[in-house]
Structures are given as structure tokens and as C-alpha cells.
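Asks: Just a sequence and a predicted model for now, questions to come.
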Amino acid sequence: MHIVTILAVLQFFLFGILVGRARRQHRVKAPATSGHELFERAFRVHMNTLEQLVGFLPALHRYLYLADPAKCRYEFAFTVIPTFILSAAAIWSTVTRAAA
């Protein structure tokens, strides 16, 4: 299960890199999400993958919880800790920008 999760996330990041490459190649300036047809295709692949990950990754964690809840102590930390770090970073960014 863990390898499948890691591969799915790596695939998502790879697709993001390919979007960036298509953006440069076809001269689509950020934050535009339309322009050259080949850029738009790469962008849609990336967004469709994100849409599917939203359902796919929780389904994998649900499977683990149903299989043996005692083995889920680390999986919980792997999901909560990044959320906490990203929330703290967002708060820090908001506070420091407001102070500037």
C-alpha cells in the first residue's frame, strides 16, 4: 500500500513538472491556465490526476484502517504532521505579510 501511495504522489508531481515544461515551451505565462492547446492538455492531465487523488488516497488509508487498526498509528502521523506544518506555514506567512 505504501509504495502505491508514494508512486501516485510522485506521478502527480511529475505531471506538475510536465505542466511547467509545457508552460515554458508554449509561452503560457502564469497564472494563465489556457493558451496553447498542448499546454492545456498537460494542465488538464495534471488537474484530472489531482481530482482522482482526492478519492484514491483516502480509499487506500480506509483500506488500511479496516484491515488492522492497530497498524495505523504511523499513517495517522503521516497525514496529520504535514497538515500541521502547512497550516503553521500559512499562519506565519499571513502574519509576516500583515506586519510588512
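Replies: Great, that's in hand.

Asks: and the next element down the chain from the longest helix along the chain?
Replies: Longest helix in the chain by number of residues (criterion: DSSP state H): helix 37-67. Per DSSP states H and E, helix 37-67 leads on to helix 73-99 as the next helix or strand towards the C-terminus.

Asks: From the contact counts, what lies against that next one?
Replies: Applying 3 or more Cβ pairs under 8 Å, 6 or more residues apart in numbering; DSSP states H and E, one finds that helix 73-99 contacts helix 37-67. C-beta coordinates here come from the backbone N, C-alpha and C atoms, glycine included.

Asks: Now do the helix it packs on: distance to the chain's middle.
Replies: Centroid separation for helix 37-67 versus its chain: 8 Å, with Cα atoms, centre = their mean, to the nearest Å.

Asks: in that helix, what counts as buried?
Replies: 39-40, 42-43, 46, 49, 57, 61 (16 or more other Cβ atoms under 10 Å).

Asks: Tell me which other helices or strands it touches.
Replies: By 3+ Cβ pairs under 8 Å, 6+ apart, helix 37-67 packs against helix 2-25, helix 73-99.

Asks: between that helix and helix 73-99, how big is the angle?
Replies: Helix 37-67 and helix 73-99 meet at an angle of 130 degrees, taking axes from the mean of the first three to the mean of the last three Cα atoms, to 10 degrees as the criterion.

Asks: re the thing from before, next, give me the two most distant ones among the buried residues of helix 37-67.
Replies: Between any two of the buried residues of helix 37-67, the greatest separation by Cβ to Cβ is 33.4 Å, found for Phe39 and His61.

Asks: mind giving me the domain split of the protein?
Replies: Each domain of the chain is listed here as a residue range: 1-67, 70-100, per automatic domain parsing.

Asks: Comparing these by mean pLDDT, which bottoms out?
Replies: With a mean of 82, domain 70-100 has the lowest mean pLDDT of the domains of the chain.
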